[in-house]
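Predicted model and sequence below, questions to follow.
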Amino acid sequence: MKLVIVKDYQEMSRKAAELLASEVKQHPQTVLGLATGGTPVGMYRELIKLHEDEGIDFSQAQSFNLDEYVGLSSAHPQSYRAYMQENLFQHINLPADKTHVPTGDAVDLDKECARYEEAIREAGGIDIQVLGIGNNGHIGFNEPGSSAESTTRVVQLTESTIEANARYFASVEEVPTQAVSMGIKTILGAKKVVLLASGEAKAQAVRLMVEGEPTADVPASLLQLHPDVTVIVDEAAASQLTVAATSVENKR
Ligand SMILES: O=P(O)(O)OC[C@H]1O[C@](O)(CO)[C@@H](O)[C@@H]1O
């Protein structure tokens, strides 16, 4: 696990955008794994700038998002499809039919999960997966207890995740209680992983992810099992780490 500690949110966002842009530059047909939530918004803003100012070209790339709320249609303003349209897709030249987000209102959700896994496989797998981290250590919507063998499936959201995400809805009652999420195995299948965290609220989860034993109780700690993970955190999110170095070797 390579750990990069930066000053603040802005620097984290810039570094992450540069990493993605360099992948796309070197390999125009890159398969991007994308995340939602508050954390990557700044990274998307920087990526749009790189597209506009430096001509980073997404015309041959494709993308797969980590997750979507069950029951929300793609047109729902709080759906992750709508988030991606607003924060990235409508601003860059990634072909619309090459952007993939699970269908949260599919009639047969199990079939949708299987279809999503198959679509990732058919695309040749994810080249670089962006992740945020929940306060409880979740990645995607893989809540504590998620198996390292899990693939895309319907998951139950925990109370703490529902409460954390209520800020985007009119009330906590409106937050869906389930989601379709790539599994831990799906995420570990990406060739590279970049995880972003900003702010003190993430400090404990970051410490457990980097310094704790790999355990399903802290799903992000299972990233220690992956050979190519870059963790970019700001000083506040790094504040509980005991390491001073900017690189942490894989423990196994
Ligand atoms: O970036 P945020 O808004 O703090 O969210 C952290 C994580 O929680 C989620 O929003 C899901 O609750 C993830 O998509 C994200 O990685």
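Nice, I can see it. Numbers count the residues shown, from 1 in each chain.

Could I get the buried residue list for the helix or strand Ile48 falls within?
Assessed by DSSP states H and E, Ile48 sits inside helix 41-54. By neighbour count on 16 or more other CB atoms under 10 Å, the buried set for helix 41-54 is Val41, Gly42, Met43, Tyr44, Arg45, Glu46, Leu47, Ile48, Leu50, His51. C-beta here means a position set from N, CA and C on the backbone, and glycine is covered the same way.

okay but the second one is in contact with Ser13, surely?
It stands for Gly42. Yes. Between Gly42 and Ser13 a contact is recorded at 3.2 Å, counting by CB atoms under 8 Å.

Spell out the secondary structure type for Glu18.
With DSSP: H, G, I helix; E, B strand; the rest coil as the basis, Glu18 sits in helix.

Any idea how many residues pack against it?
Using other CB atoms under 10 Å, Glu18 has 14 other residues around it.

What confidence value was assigned to it?
Here the pLDDT value assigned to Glu18 is 98.

same check, this time on Gly132
At Gly132, pLDDT is 98.

OK, contacts around whichever residue of the stretch 51-200 of the chain sits closest to the ligand?
Here the stretch 51-200 of the chain gets closest to the ligand at one residue, Gly132, 2.6 Å apart by CB to the nearest ligand atom. Counting by CB atoms under 8 Å, 6 or more residues apart in numbering, Gly132 makes contact with Ala35, Thr36, Gly37, Gly38, Thr39, Pro40, Ile139, Leu195, Leu196, Ala197.

Mind doing that once more with 7 Å?
Gly132 is in contact with Ala35, Gly37, Thr39, Pro40, Leu196, counting by CB atoms under 7 Å, 6 or more residues apart in numbering.

Return only those of these found close to the ligand.
Among the contacts of Gly132, the residues lying close to the ligand (CB under 6 Å from any ligand atom) are Ala35, Gly37, Thr39.

Burial check on the first one, number of neighbours?
The burial metric for Ala35, expressed as a neighbour count using other CB under 10 Å, is 23.

isn't it right up against Leu66?
Yes. Between Ala35 and Leu66 there is a contact under CB atoms under 7 Å: 5.3 Å.

Give me the distance between stretch 151-159 and the centre of its chain.
Its chain's C-alpha centre and that of stretch 151-159 lie 15 Å apart, by CA atoms, centre = their mean, to the nearest Å.

sorry, back to before: can you give the contact residues for the helix holding Ile48?
Against helix 41-54 from outside (CB under 7 Å, 6+ apart): 9-10, 13-14, 16-17, 20-21, 56, 58, 87-88, 91-92, 196.

ditto for stretch 24-33
The contact list for stretch 24-33 (CB under 7 Å, 6+ apart) reads 20, 23, 56-58, 60-64, 66, 123-130, 190.

Out of those residues, list just those in helices.
Leu20, Glu23 (DSSP state H).

from the contacts of stretch 24-33, which would you call buried?
20, 23, 56, 58, 61-64, 66, 123, 126-130, 190.

Show me which of those is closest to Glu149.
Of all these, Ala190 has the smallest distance to Glu149: 15.8 Å, by CB to CB.

Give me the buried positions along stretch 20-36.
Leu20, Ala21, Glu23, Val24, Thr30, Val31, Leu32, Gly33, Leu34, Ala35, Thr36.

ends of it, how far apart?
Stretch 20-36 has its terminal residues 15 Å apart, counting by CA to CA, to the nearest Å.

what about Ile187, which helix or strand?
Per DSSP H and E: helix 184-188 holds Ile187.

Next, count neighbours for Gln78.
15.

Show the contacting residues for it.
Leu72, Tyr168, Phe169 are the contacts of Gln78 under CB under 7 Å, 6+ apart.

Output these in a markdown table; the columns should cover secondary structure, distance to the ligand and pLDDT.
Below are the contacts of Gln78 laid out as a markdown table (DSSP: H, G, I helix; E, B strand; the rest coil; distance: CB to the nearest ligand atom, whole Å; pLDDT from 0 to 100):
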| residue | secondary structure | distance to the ligand | pLDDT |
| --- | --- | --- | --- |
| Leu72 | coil | 14 | 98 |
| Tyr168 | helix | 9 | 95 |
| Phe169 | coil | 12 | 97 |
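
Noted, bye for now.
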